[in-house]
Structure formats: C-alpha cells, structure tokens
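S.K.: My questions are about this predicted structure, shown below with the sequence.
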Amino acid sequence: MPPVIPDAVPDHFPAGTTVKFTRSFDNYLPSDGWAYTIYLNGLTQKFNKAATVQDDSFLIEFVPADTAALNPGPFRFAERLSNSGTGEVYDFSGDELVINVEPNVASAAAGVFNTWEERTLLVIEAALAGRLTSDIQAYQIAGRSVSKIPIKELRTIRGELKAAIWQQNHPGELGIPYRVEFDLESDAGEFPPTWADVTGFER
C-alpha cells in the first residue's frame with residue numbers, strides 16, 4: 001500500500017529522502033494557467049522545486065538527490081504561484097513558514113542525533129568513573145571545565161541530566177509508573193474493641 005500523500009507542506013523531513021505533498025488553491029487553479037514553485041532558503045543554502053499538475057492540484061516531489069546535500073537545520077520557505085498568461089506572481093511566505101531539514105541517518109556521523117543532555121551525561125559518567133580522556137577533559141558545563149567540578153556537584157548534575165533525558169524520551173508523562181500491591185487484611189486479624197465489646201450492650 002503506497003504512503004498517503006499529505007496536502008500540506010511538511011514541517012520537517014530527513015535529507016536525502018523522498019518527500020511528496022500536494023497543494024491546492026481555489027483561486028489559483030492549474031486549469032487557469034497557474035504554476036507552483038516552492039523555494040527553500042537556509043543559512044548557507046537554498047533550493048527550489050516546481051510542481052507538476054495532478055487534477056486541479058499541484059504535486060510536489062523532492063527526490064533523494066534534491067535534498068541529499070542540504071545541511072541539517074531550519075529553512076524558510078515561500079510558495080510561489082505564477083501565471084505566464086497574465087504575468088501575475090504571488091508569494092505565500094512568512095517567518096512562521098519553516099521546514100526543518102534533519103540529518104540523513106544513513107550518512108550522519110555518530111552522535112548527531114543525541115541531545116546536549118545525552119552527550120553531557122556521557123562526559124559526567126566518565127568524570128565520575130575517573131575515565132576522562134584528553135579529548136573530553138576540556139568539556140565545559142556553564143563555563144567550567146568538567147574536570148574542575150567537584151564530585152558532589154557532578155552527581156547532582158548527573159541526576160538532573162537523567163531526569164531531563166527521561167522527560168525527552170517520555171513526553172507528556174509525569175514520571176516513571178510503579179506498581180504497588182498491598183496485602184489484603186485477614187478476617188482473623190486483630191482489631192480494636194468495639195463499643196459493644198467494651199460495654200456489653202447492643203446499640
């Protein structure tokens with residue numbers, strides 16, 4: 001079963017993968033001579049792709065070769081509609097129109113997908129275990145070299161990092177669930193005397 005093609009511009013995709021989406025505009029129909037091109041503009045790179053016509057919609061397809069060389073990061077995009085017959089050109093753009101290009105997992109270097117908290121935790125664990133190598137001795141946390149931070153403070157930082165990483169991996173959850181079981185009270189158990197036991201009278 002082929003994947004569903006969305007009818008909106010994606011807000012993210014990995015570089016070097018196939019991306020398909022459609023766009024339709026009631027007042028800018030292909031049958032009326034309108035053409036669609038999407039423009040992506042990043043910090044150091046830019047890219048554009050023209051759409052093909054599918055019924056009365058525009059089909060946009062990025063093939064892997066189109067985006068394989070894009071650097072990961074945010075790209076502002078603009079959707080341009082042009083009509084060669086009337087000479088009109090309109091852009092749909094704005095600061096909020098951003099596509100985040102993600103690294104290609106097949107070619108990315110090790111550690112690219114780790115968060116700052118995950119990378120820092122590895123350094124903290126190495127420091128606590130006395131395994132600081134020369135390449136990470138100069139690693140800094142809040143402007144201080146990790147090798148200069150007291151052990152007690154390193155343990156505190158480790159706990160904070162573990163909590164932050166757990167939250168990143170479990171969004172929307174408040175904490176780790178635990179199952180607690182209580183022993184059922186026995187009918188033969190000892191209970192405080194009742195009013196009837198003490199007075200001998202029935203209520």
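M.R.: It's in. Numbers count the residues shown, from 1 in each chain.

S.K.: packing partners for the longest helix along the chain?
M.R.: Secondary structure of the chain per DSSP state H: the longest helix is helix 151-169. For helix 151-169, the contact count by 3 or more Cβ pairs under 8 Å, 6 or more residues apart in numbering; DSSP states H and E identifies helix 116-128 as packing neighbours. (Glycine included, C-beta is placed from N, CA and C.)

S.K.: and the chain, what are its domains?
M.R.: 12-102, 116-166 (automatic domain parsing).

S.K.: JSON lines for those domains, including mean neighbour count and distance to Pro177?
M.R.: Shown next, in JSON lines, are those (neighbours: other Cβ atoms under 10 Å; distance: least, Cβ to Cβ, whole Å):
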{"stretch": "domain 12-102", "mean neighbour count": "15", "distance to Pro177": "30"}
{"stretch": "domain 116-166", "mean neighbour count": "13", "distance to Pro177": "12"}
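
S.K.: Between those, which has the poorest mean confidence score?
M.R.: Out of the domains of the chain, domain 116-166 stands lowest, with a mean of 85 (criterion: mean pLDDT).

S.K.: Kindly check the end-to-end length of that domain for me.
M.R.: 13 Å (Cα to Cα, to the nearest Å).

S.K.: quick one: pLDDT of Ala8?
M.R.: 93.

S.K.: List the contacts of Ile5.
M.R.: By Cβ atoms under 8 Å, 6 or more residues apart in numbering, the contact list for Ile5 reads Lys20, Phe21, Thr22, Leu59.

S.K.: repeat that with 10 Å
M.R.: By Cβ atoms under 10 Å, 6 or more residues apart in numbering, the contact list for Ile5 reads Val19, Lys20, Phe21, Thr22, Gln54, Ser57, Leu59, Ile60, Glu61.

S.K.: Put the alpha carbons of the longest strand along the chain into CSV.
M.R.: Longest strand in the chain by number of residues, with DSSP state E as the criterion: strand 73-83. Output of strand 73-83 as CSV, limited to C-alpha atoms (Å, rounded to 0.1, in the frame of the first residue of the first chain):
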residue,chain,number,x,y,z
GLY,A,73,18.7,23.0,10.1
PRO,A,74,15.8,25.4,9.5
PHE,A,75,14.9,26.5,6.0
ARG,A,76,12.4,29.3,5.5
PHE,A,77,10.1,28.6,2.6
ALA,A,78,7.9,30.5,0.2
GLU,A,79,5.2,29.1,-2.1
ARG,A,80,5.2,31.0,-5.4
LEU,A,81,2.2,31.0,-7.7
SER,A,82,2.7,32.4,-11.2
ASN,A,83,0.6,32.8,-14.3
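
S.K.: All set now, cheers.
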